[in-house]
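In: Model the structure of this input:
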Amino acid sequence: MSNLSHTIRRFNRFELKYFITLKQAELFKKALLAYLLADEHGNGNGHYPLASLYYDSPDFRCYWEKVDGVRFRRKLRIRRYECDAPLTKDTPVFVEIKQRLDRVTQKRRIILPYGDALRLCNDRQYPEDVAPDDKAVLDEIYSYLWQYNLRPVSIVRYERQAFIGTDYDIGLRVTFDTSLSYQAHQLALHEEASNLPMLSPDRMVMEIKVNERIPYWLTEMIAAHNLKMIRISKYCRSIEMANGWASKFSQYALASI
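Out: This next block holds a predicted model:
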């Protein structure tokens, strides 16, 4: 994921999430390979690690909007697709606004050097030499930071394996996230990771992302494997774990383990 020059900066899609066992995941992946391809940005099998630094207001506005099911809600994060190279002030990262409007997930993001991203989000310093195509998104991020006094609150890390659709299923993406961990202190991506576990080690989160509708063959496959959709936010889960807050997901997870 080191070459970000051709990455799509804005898109809308539907996202469905499933909380499954490692065994269920392996069986489902085998079935998927008849239809999908491993993401070429991964290590050959679609694997790559992710780290996201999340921002929220002092009263955790973003967290509560998600918990309360607010129809229109946003959150801000700095995201790095990790690799063997060390993270420096010049490493390119994404600064993203992820937005939910009813059932549609919308994402707007810009690519900045890590040092510029921290100065923007932590110190409110507007970057220089911004590409014209990025200025509208940068202005929105800058305004959002000031409007709600956003500050770093959580880091979420995990390993992802991603599969993408062929020409018959353009825009389809299925991901499997394992080794989910959170960090509530030393909130910078270059700090040593604390890797506090978010889930039982035999569980993972599967996500289906699609531009319009799920293909019929995939809905049939989900039913055949008896997979149940669940509302889960990695960000919200990290905040609940860090603060000892109960959640509906926690109750579901405990009941299903």
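
In: in stretch 84-99, what counts as buried?
Out: Residues 87, 91-99 are the ones in stretch 84-99 that count as buried (16 or more other C-beta atoms under 10 Å). Quick note: C-beta positions are derived from backbone N, CA and C, even for glycine.

In: next one: it to chain centre, how far?
Out: 13 Å (C-alpha atoms, centre = their mean, to the nearest Å).

In: Could I get the contacting residues of residue 202?
Out: 21-22 (C-beta atoms under 8 Å, 6 or more residues apart in numbering).

In: How much space separates it from residue 28?
Out: Per C-beta to C-beta, to the nearest Å, residue 202 is found 15 Å from residue 28.

In: residue ranges for the strands of the protein, please.
Out: Along the chain, the segments classed as strands by DSSP state E run 10-21, 36-38, 47-56, 72-81, 92-101, 104-113, 151-165, 173-183, 196-197, 203-210.

In: Mind putting the ones you listed into JSON lines with mean pLDDT?
Out: JSON lines is the format used below for the strands of the chain (pLDDT from 0 to 100):
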{"stretch": "strand 10-21", "mean pLDDT": "86"}
{"stretch": "strand 36-38", "mean pLDDT": "93"}
{"stretch": "strand 47-56", "mean pLDDT": "96"}
{"stretch": "strand 72-81", "mean pLDDT": "95"}
{"stretch": "strand 92-101", "mean pLDDT": "94"}
{"stretch": "strand 104-113", "mean pLDDT": "93"}
{"stretch": "strand 151-165", "mean pLDDT": "96"}
{"stretch": "strand 173-183", "mean pLDDT": "96"}
{"stretch": "strand 196-197", "mean pLDDT": "93"}
{"stretch": "strand 203-210", "mean pLDDT": "95"}
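
In: which of the buried residues of stretch 84-99 lies closest to residue 128?
Out: Proximity to residue 128 was ranked across the buried residues of stretch 84-99 by C-beta to C-beta; first place goes to residue 95, at 15.0 Å.

In: Could you find the closest non-adjacent residue to residue 87?
Out: residue 190 (4.9 Å; C-beta to C-beta, 6 or more residues apart in numbering).

In: my bad, residue 75
Out: The shortest distance from residue 75 to any non-neighbouring residue, by C-beta to C-beta, 6+ apart, is to residue 62 (4.3 Å).

In: Compute the number of surrounding residues for the one you found.
Out: By other C-beta atoms under 10 Å, the residues close to residue 62 number 26.
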